[in-house]
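Q: Next input, structure requested:
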Amino acid sequence: MAPGACGKGSGPNLTGGPADRRSIARPRPWFCASPRENPRWGYHRIQGELLGLGITLSATSIATILRRSGLCPAPRRGPTWGQFLRSQAAGILACDFLTVETLLLKTYYVLFFIELKTRRVHIAGATTNPDSAWVTQQARNVSGHLRELSERRIGS
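A: Have a look, this model is predicted:
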């Protein structure tokens, strides 16, 4: 395998069909220099830059060209979406409504919040006619309640 190669199938023997050769003939010089100059650019970023130049190539074609040139894909620059959410879960609340039908066939909408980290549920209130002002006030109430709880935990 050539020095700097990325792994399986990235050696000089990799051949593409005639359509590949025609579609990549023009951007090849820029293509090979760009990832070296901008090592954090991934396939999709390069694809977007080429599209800005009026050149349409798939991310797979770009990956093939980079591998032929002995360039590896861009390294992951940060956490995955799941890792990010888990690390931020302590500060994230989700909210939703559930409905309750009474014996008199009246519908109540119950607004609740859930803390993602602890999965603790907070019932904010119930109403037959939820509007934006009511929901906003309930969110403020829950926010204040959670602030008081955290202050008590820190103080004790």
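
Q: tell me which element L51 is part of?
A: Assigning secondary structure by DSSP states H and E places L51 in helix 43-52.

Q: which element follows the helix or strand containing S61 toward the C-terminus?
A: Applying DSSP H and E as the criterion places S61 in helix 59-68. Downstream of helix 59-68, the first helix or strand assigned by DSSP H and E is helix 81-88.

Q: how distant is that next one from the center of its chain?
A: Relative to the chain's own centre, helix 81-88 is displaced by 10 Å; criterion: CA atoms, centre = their mean, to the nearest Å.

Q: returning to that earlier point: looking only at the helix holding S61, what residues are buried by neighbour count?
A: By neighbour count on 16 or more other CB atoms under 10 Å, the buried set for helix 59-68 is S61, I62, A63, T64, I65, L66, R67, R68. (C-beta placed from N, C-alpha, C; glycine too.)

Q: Stretch 65-84 - what's its average pLDDT?
A: Per-residue pLDDT values across stretch 65-84 average out to 76.

Q: And it, what's buried?
A: I65, L66, R67, R68, S69, G70, L71, A74.

Q: from the buried residues of helix 59-68, which is closest to F84?
A: Proximity of the buried residues of helix 59-68 to F84 (CB to CB) peaks at A63, which lies at 24.8 Å.
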